[in-house]
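In: dropping a prediction and its sequence here:
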Amino acid sequence: MKFVVSTQFLENYGAHQGTGKFADGQAYWKMKGGTDYIVSDLDRIQDAVAFVAAKEMYNGIGAKEFPVEWQTYEEWYAKLPEDEDYREFLLEQAREVSPIRG
């Protein structure tokens, strides 16, 4: 079965000019884009979310990524826009991952 885990990315602008820590008054987080991860070779959506969180998402002082939505591939695909060019773009931007295929 295939699932799609969609993420949100945060960038800490304070980490570019100092420590980026809240304690130092230098944290300045800004929402950025995200990624749609198409996960294959798992049977449960919980496993897909956990796999993406463990193997694909970034988590550091300068940036963080976290899941915001998860669904079957069919549900995700059905929500893609009707505009063929935009749909192709979104499909090309999605990252295909699998615990079996590395």
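Out: Happy to help now that I have it.
In: following the worst-scoring helix or strand of the chain on mean pLDDT, which helix or strand comes up?
Out: Of all helical and strand segments in the chain, the minimum by mean pLDDT, DSSP states H and E falls on helix 14-17, at a mean of 83. Per DSSP states H and E, helix 14-17 leads on to strand 29-31 as the next helix or strand towards the C-terminus.
In: report the strands that pair with that next one, each with its relative direction.
Out: strand 3-12 (antiparallel) (DSSP bridges).
In: buried residues in the partner strand?
Out: By 16 or more other Cβ atoms under 10 Å, the buried positions in strand 3-12 come out as 3-7, 9, 12. Bear in mind the C-beta positions are built from the backbone N, C-alpha and C, glycine included.
In: quick check, nearest of the residues you listed to residue 40?
Out: Of all the buried residues of strand 3-12, residue 40 sits closest to residue 3, with 8.4 Å by Cβ to Cβ.
In: burial check on the spatially closest residue to the closest one that is not a sequence neighbour, number of neighbours?
Out: Leaving aside its sequence neighbours, residue 3 sits nearest to residue 48 (Cβ to Cβ, 6 or more residues apart in numbering; 3.9 Å). Close neighbours of residue 48, defined as other Cβ atoms under 10 Å, add up to 29.
In: wait, doesn't residue 48 sit right on residue 40?
Out: No. Proximity of residue 48 to residue 40 does not meet the contact threshold set by Cβ atoms under 8 Å, at 9.0 Å.
In: list the contacts of the residue nearest to residue 3.
Out: Residues near residue 48 by Cβ atoms under 8 Å, 6 or more residues apart in numbering: 3, 5, 39, 42, 70.
In: can you list those in CSV and add distance to residue 96 and pLDDT?
Out: Formatted as CSV, the contacts of residue 48 follow (distance: Cβ to Cβ, whole Å; pLDDT from 0 to 100):
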residue, distance to residue 96, pLDDT
3, 11, 98
5, 12, 98
39, 8, 98
42, 13, 98
70, 15, 98
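In: of the residues you listed, closest to residue 99?
Out: Nearest to residue 99 among the contacts of residue 48 is residue 42, at 6.7 Å by Cβ to Cβ.
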